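Novice: Please find the sequence and the predicted model below.
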Amino acid sequence: MKITALAGGIGASKFLLGLSNVFPPEDITIIANTGDDIELFGLRISPDIDTVIYTLAGVINEETGWGIAGDTFDALRWLARYGEAAWFNLGDRDLATHIYRTDMLRQGRSLTEVTDHIRRALGVRSRVLPMTDAYTPTRVITDEGEMHFQEYFVRRRCEPRVKEIRFENMESAPAAEGVEQAIIEADTIIICPSNPFISIGPILAVEGVREALRQRRDSSVAITPIVEGRALKGPAADMLRDLGHDPSALGVARIYQDFAGLFVLDEADREIKPAIEELGLRVLVMNTVMKTLEDKKRLAERVLEGVMRNA
Ligand code: FO1
């Protein structure tokens, strides 16, 4: 059996760690969001790709959910002494990933090739595909002007109100090799618990992806990133509200209804189940909050059981 997962950063990585413990990792293909990508100090940084790979490699910083465990930040401190902006915390070990990636890209290798090399070097057995090899940074238009997503998320701590989200250069960003195939060939497609706008949204915006997913709607399951109207991590609830959606799992289900046939709802939101079923989605209700590895494994197991029962 083959699984293809659409993944953003921290929430998706937690789920994928659980999945990799209850399902053969070599039969999982991860399509990773690259809308978070940013260029700093002349380096290409791919936060969601790195968060997925570091997590599955067992080297993630557990406290923050990003970066490498035990990392130091001396290089960043010296860069700050030279006047460089140091609001995006790049650790010394993490910088090796960005130096290597940038060096390979400069030598003409694709982001797909570089990502595959890095995940293999760190012992990750699942395939990790960028959604596209093109550079399509997410820009947020806010009530305080336009900025890169990372400036909004990290530097401004999500304070500005989001009015619009744009994926720069998306019109000339073909899906990376293997992405559409991974959707067509999968027995099950899992939309991981990530922000629908800044993590799953960019992947859906890549030419041909949403269409391919629609064809597989009956084999696709989406896991809610929102519990009781709050995002477990990050600005998803605020963005749903700012962008005029219901800041709840129902709001997310409405966005996903054209390509997800099954929706995993947290038991705290059980009363929303009928409203989501009215959208034409089948609904599984379970605990979706992942604190321990056991939680992550149990969620993955229960999602797979639910997919089997609803197949
Ligand atoms: N998130 C933060 O909130 N603060 C940071 O300083 C920060 C640095 C950082 C460095 C490398 C990396 O791969 C991710 C990093 N993140 C940081 C997370 C990043 O903003 C992600 O894009 C979010 O987690 C959204 O997926």
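Specialist: Ah, there it is. Please read all numbers here as calculations on a predicted model, not as lab measurements.
Novice: Please give the element, helix or strand, for L304.
Specialist: Element membership of L304, judged by DSSP states H and E, is helix 293-310.
Novice: T55 is in contact with R119, correct?
Specialist: No: R119 is beyond contact range of T55, at 11.2 Å (criterion: C-beta atoms under 8 Å). From N, CA and C alone the C-beta is placed, and that goes for glycine too.
Novice: Which of those two has more residues huddled nearby?
Specialist: Neighbour count, other C-beta atoms under 10 Å: between R119 and T55, T55 has more, with 26 against 23.
Novice: Roughly how far does the more buried one sit from the ligand?
Specialist: When distances are taken as C-beta to the nearest ligand atom, to the nearest Å, T55 and the ligand turn out to be 11 Å apart.
Novice: sec struct for that residue, please.
Specialist: Applying DSSP: H, G, I helix; E, B strand; the rest coil to T55 yields a three-state assignment of helix.
Novice: where does A121 sit relative to V114, distance-wise?
Specialist: 10 Å (C-beta to C-beta, to the nearest Å).
Novice: ok, those two, which is more surrounded?
Specialist: Neighbour comparison, A121 and V114: the larger count goes to V114, with 23 against 12 (by other C-beta under 10 Å).
Novice: Which positions in the stretch 151-300 of the chain make contact with the ligand?
Specialist: Residues of the stretch 151-300 of the chain lying near the ligand by C-beta under 6 Å from any ligand atom: F153, V154, G234.
Novice: nearest spatial neighbour of the second one, skipping sequence neighbours?
Specialist: Distances taken as C-beta to C-beta, 6 or more residues apart in numbering place F88 nearest to V154, at 5.6 Å, with adjacent residues excluded.
Novice: cool, and the first one?
Specialist: Take F153 and drop its neighbours on the chain: the residue closest to it by C-beta to C-beta, 6+ apart is P235, 6.8 Å away.
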